[in-house]
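**Student:** with the sequence up front, the predicted model follows.
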Amino acid sequence: MGKTGTTPYGDFVLMTDAVVGQLVQAVEKAGLAQNTLIIFTSDNGAAPAANLEQLKQKGHLANYIFRGNKADIYEGGHRVPFIAKWPAMIRAGAVSEATISLTDFMATAAALTNQNWQPTKAKIVLVYCHYLRVQKVIGVNTRYSILFLETFQSVTQIGNWRFPMDPVAGAPR
């Protein structure tokens, strides 16, 4: 254990926060902050290898209030922050409740930079540029979220309703 007094994962999170802060300061110092988009996110929730129970005992909820963790179909495994800073386009403190996916990020980056990008495998992508510019989105998201894992578990989400399937049990979990 290091500075956090929790676990190596806790120290990693602290170090990541410090490095991101240094990056933001460097962009600001260079005078580029107003028109630079900085995104901080993750591909998954915390993994069990992070000693989640030990972190919880120290007051740190690695997956916040959500059930599950990396490699399963519950929200704790996939619902992660997506933090965007772009002073020229995004009001500080703006919040969006929209469901987005990192699988759509290349299309979004291409659209933001006026690039012609053609997906080679994905036939359906959501360009979420407009989500980066909203002050607050309220209500049911009309996008259907479908997640498939390597273990053939899946979950479909429509608005606030989720339907998880487990092929081993052959029924909803």
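**Tutor:** Happy to help now that I have it.

**Student:** what's the burial count for the closest residue to residue 54 other than its chain neighbours?
**Tutor:** The shortest distance from residue 54 to any non-neighbouring residue, by C-beta to C-beta, 6 or more residues apart in numbering, is to residue 7 (5.5 Å). All C-beta spots, glycine's among them, are computed from the backbone N, C-alpha and C. When counting by other C-beta atoms under 10 Å, one arrives at 20 neighbours for residue 7.

**Student:** for the one 3 residues further on, same thing?
**Tutor:** The tally of other residues near residue 10 (other C-beta under 10 Å) stands at 21.

**Student:** which SS class is it?
**Tutor:** The three-state assignment at residue 10 reads helix, by DSSP: H, G, I helix; E, B strand; the rest coil.

**Student:** now do it, the pLDDT please.
**Tutor:** Looking at residue 10, its pLDDT is 89.

**Student:** ok, back up a step: who's in contact with the residue nearest to residue 54?
**Tutor:** Applying C-beta atoms under 8 Å, 6 or more residues apart in numbering, we find residue 7 in contact with 1, 50-51, 54-55, 58.

**Student:** and it, how far from residue 14?
**Tutor:** Note on residue 7: its distance to residue 14, by C-beta to C-beta, to the nearest Å, is 11 Å.

**Student:** try residue 54
**Tutor:** As judged by C-beta to C-beta, residue 54 and residue 14 stand 15 Å apart.

**Student:** wait, residue 68 touches residue 76, no?
**Tutor:** Yes. Between residue 68 and residue 76 a contact is recorded at 3.7 Å, counting by C-beta atoms under 8 Å.
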